[in-house]
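Engineer: here you go, sequence then predicted model.
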Amino acid sequence: MSWSPATARKRALQSQDEQRDPKLHKPTPTPTPMETALFSAASLFRDADDDQGTLPSPLRVLPRAPPPPDRRLALVLVFFFVCLVLCCDASEDEMQVDADEQVQSVQYEERAHKFPGMAGYQSLCSPFGNGMQELKIREFSSHQLNANMLWPGTFLFADWLVKNKSILHGRRILELGSGTGALAIFLRKAFQVDITTTDYDDGEIQENIAYNCKANDLGVLPHIRHTWGDQFPVLIPDWDIVIASDILLYVKQYPNLTRTLSFLLKEYKGCSQNAGSSASTAITNKSGTQVPVKFPIFLMSCRRRIGKDQSLFFEECEKAGLEVQHLGALVYLIYTKQ
């Protein structure tokens, strides 16, 4: 390549200056194909750490950048929290299943019990003699409401009722806290009384009473599911006699029991519907004196001693306008004050 004399002189002077001071040298960069290439939008997405020498394509799918360390830790914690919640829910479900299985697998025990027999009911006498009849009663091995077994008071109360059977003749009877239904079954078989059982609003109790009726060749007795203190299912009670045995176990339920009892005695209707019966009778007390009473009445046997607390029940009765008399043998007569 040849230069003109002026250009050659200029290049020579420039070369001398560069030799004296190299910093004055400013080479002119040679244009490259990339600098003259058309602009590509894909270059906007190219990171500094992309593969060298590879130009990004507009259709290229770039890999997702990993989350920062603190975000990774948060994701791990969330994962473990979800697992923990799921495990807890599973455990609760298993516990519920176990509880349901326990409810479904209620254990029963069938026992033979001897009640006082009647001389006039020879067909009811047991081959065991001693004037006793035998009932087959299925009992719960356990029950949260103590409706699982027969208590001693049941047999002693049955004996008292046999001795005072005249007050039962032609009467409609309601038993509170029937439990297994044994006492009601005995009275029905021995005296053919019109009796209705009642207990806490619980299906297992009702089903077990029905089972015991059938086990003793007896039709299923009428049953009322009722929780003390709640509105009684029958709005017009017409039972002449209300009976109960050993029901004073739960002191906190005394007000509710009194409320139910007051309703049955004070709202009573129907005594006159019993053909051949009178509105009053007489009961012999512990001193041998005949006590005249007017229906309806409540007869209760209390054999399970609970100390001074049982007096609280009698106080509740008095506050509700009910009269209480001890007939002896731990049998109490309760009726509405005249």
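Structural biologist: Looks like it arrived, so ask away.

Engineer: confirm that residue 115 sits in a helix.
Structural biologist: No: applying DSSP: H, G, I helix; E, B strand; the rest coil, one finds residue 115 to be strand, outside a helix.

Engineer: mind listing the strands for this structure?
Structural biologist: According to DSSP state E, the chain carries its strands in the segments 108-116, 132-140, 172-176, 194-199, 223-225, 241-245, 280-284, 290-294, 297-301, 322-328, 331-336.

Engineer: rank those strands by pLDDT, which is bottom?
Structural biologist: Per-stretch mean pLDDT for the strands of the chain is lowest at strand 132-140 (a mean of 85).

Engineer: buried residues in it?
Structural biologist: Buried residues in strand 132-140, counted by 16 or more other C-beta atoms under 10 Å: 133-135, 137-140. No exception for glycine: its C-beta is placed from N, CA and C like everyone else's.

Engineer: now swap in stretch 223-242 and tell me
Structural biologist: 223-224, 226, 228, 232, 234, 237-242.

Engineer: JSON lines for the residues you listed, including distance to residue 194?
Structural biologist: Shown next, in JSON lines, are the buried residues of stretch 223-242 (distance: C-beta to C-beta, whole Å):
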{"residue": "223", "distance to residue 194": "14"}
{"residue": "224", "distance to residue 194": "14"}
{"residue": "226", "distance to residue 194": "18"}
{"residue": "228", "distance to residue 194": "23"}
{"residue": "232", "distance to residue 194": "18"}
{"residue": "234", "distance to residue 194": "14"}
{"residue": "237", "distance to residue 194": "14"}
{"residue": "238", "distance to residue 194": "10"}
{"residue": "239", "distance to residue 194": "9"}
{"residue": "240", "distance to residue 194": "9"}
{"residue": "241", "distance to residue 194": "10"}
{"residue": "242", "distance to residue 194": "13"}
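
Engineer: closest one of those to residue 263?
Structural biologist: Nearest to residue 263 among the buried residues of stretch 223-242: residue 232, at 5.6 Å, using C-beta to C-beta.

Engineer: ok, the residue lying closest to the closest one once chain neighbours are set aside to residue 175 distance?
Structural biologist: Spatial nearest neighbour of residue 232, excluding adjacent residues (C-beta to C-beta, 6 or more residues apart in numbering): residue 263 at 5.6 Å. Taken as C-beta to C-beta, to the nearest Å, the spacing of residue 263 relative to residue 175 amounts to 16 Å.

Engineer: compare these two and say which is more crowded by neighbours.
Structural biologist: Between residue 263 and residue 175, counting by other C-beta atoms under 10 Å, residue 175 is the more crowded of the two (25 against 16).

Engineer: hang on, isn't the more buried one packed against residue 198?
Structural biologist: Yes: Residue 175 sits in contact with residue 198 when judged by C-beta atoms under 8 Å, with a separation of 6.5 Å.

Engineer: which residue sits closest to residue 108, ignoring its sequence neighbours?
Structural biologist: Nearest-residue entry for residue 108: residue 138, 5.1 Å, with adjacent residues in sequence omitted and distances by C-beta to C-beta, 6+ apart.

Engineer: would you mind measuring from that neighbour to residue 208?
Structural biologist: 6 Å.

Engineer: for residue 199, list the residues it contacts.
Structural biologist: Contacts for residue 199 (C-beta atoms under 8 Å, 6 or more residues apart in numbering) come out as 145, 147, 176-179, 205-206, 209, 223, 225-226.

Engineer: can you rerun that using 6 Å?
Structural biologist: Residues near residue 199 by C-beta atoms under 6 Å, 6 or more residues apart in numbering: 177-178, 205.

Engineer: so what's the residue nearest to residue 159 when sequence neighbours are not counted up against?
Structural biologist: What sits nearest to residue 159 in space, not counting adjacent residues and going by C-beta to C-beta, 6+ apart, is residue 116, at 5.0 Å. Residues in contact with residue 116 (C-beta under 6 Å, 6+ apart) are 158-159, 162.

Engineer: now, which of those sits nearest residue 258?
Structural biologist: Using C-beta to C-beta, residue 158 comes nearest to residue 258 of the contacts of residue 116, at 24.9 Å.

Engineer: tally up the residues packed near that closest one, please.
Structural biologist: Other residues near residue 158 come to 20 when the count uses other C-beta under 10 Å.

Engineer: can you check the one 3 residues further on too?
Structural biologist: In terms of burial, residue 161 registers 25 neighbours under the definition other C-beta under 10 Å.

Engineer: just to revisit the earlier point, and the residue nearest to residue 232, how close does it get to residue 311?
Structural biologist: Going from residue 263 to residue 311 by C-beta to C-beta gives 23 Å.

Engineer: can you check residue 192 too?
Structural biologist: 37 Å.

Engineer: and what of residue 137?
Structural biologist: From residue 137 to residue 311 the distance is 32 Å (C-beta to C-beta).

Engineer: go on, residue 228?
Structural biologist: Separation of residue 228 from residue 311 (C-beta to C-beta): 19 Å.
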